[in-house]
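Enquirer: got a predicted model here, sequence first, then my questions.
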Amino acid sequence: MGWRQSLLRKTMRKQKKTSARKGKSAMFYLILSAIVWLAPTQPHETTKTYADLVKFESRWYGVDPLLVVAIIQVESGWNTRKRSKTNDYGLMQVHVARRGSSNFWRREKELYDPRTNIREGTRLLAMWKRYHERWCKGDHPYWAHYKWGKKVGEISHALKVLKLRDFLARKFRPKSDSYTASLARAE
Ligand SMILES: [Zn+2]
């Protein structure tokens, strides 16, 4: 893990300089560091774009940004072109069905675009969060619905995401409480 750590440190140093100029938030760095850690060989411009997208969409839809990062890692490993046999597309493996919540029937290829994919994936996540809180009230994490729809089968996938999300939060949470504060706003 040594080379990864040093890459991360270098990234953070460089970013801190630019950040002061551009006024990027602590939340942006938290997301950026997590993605650099998970996908160290990805071009830095790409990572920055993803960090911006995750930050914006998670705030817009009111979900935990590190949860979105963890889902991308588990679902596609940052492969924008991934397509599964069960009709799941792109970074967040957005499920496309003829019936149901997704608007991408016959427009599936649009989901290879990271912007569209992260927006739609985060929107679905927020939708399932509402469903879980209002109607389901089961004792699984709400994002289990992201994989299963209304009826949650088993939760090993959801727990894997949870474990990764908690790891990232512990590892990259800034010393200040700005992350907690932004989370409170997002929730
Ligand atoms: Zn539920």
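Expert: On my side now, so go ahead. Numbers count the residues shown, from 1 in each chain.
Enquirer: show me what the helix or strand hosting residue 68 is packed up against.
Expert: Assigned by DSSP states H and E, residue 68 belongs to helix 65-76. When contacts are defined as 3 or more CB pairs under 8 Å, 6 or more residues apart in numbering; DSSP states H and E, helix 65-76 packs onto helix 26-38, helix 44-61, helix 114-131, helix 156-172. Backbone N, C-alpha and C define where each C-beta goes, glycine included.
Enquirer: which one of those is the most hemmed in?
Expert: helix 26-38 (a mean of 22; mean count of other CB atoms under 10 Å).
Enquirer: and that one, average pLDDT?
Expert: For helix 26-38, mean pLDDT is 95.
Enquirer: repeat that for stretch 46-58.
Expert: Per-residue scores along stretch 46-58 average to 98.
Enquirer: please apply the same query to stretch 11-22.
Expert: For stretch 11-22, the per-residue pLDDT averages 62.
Enquirer: before we move on, what about stretch 61-79?
Expert: 98.
Enquirer: now do that stretch: distance to the chain's middle.
Expert: 2 Å (CA atoms, centre = their mean, to the nearest Å).
Enquirer: now that stretch: buried residues?
Expert: Under the neighbour-count criterion of 16 or more other CB atoms under 10 Å, stretch 61-79 has 61, 63-76, 78 buried.
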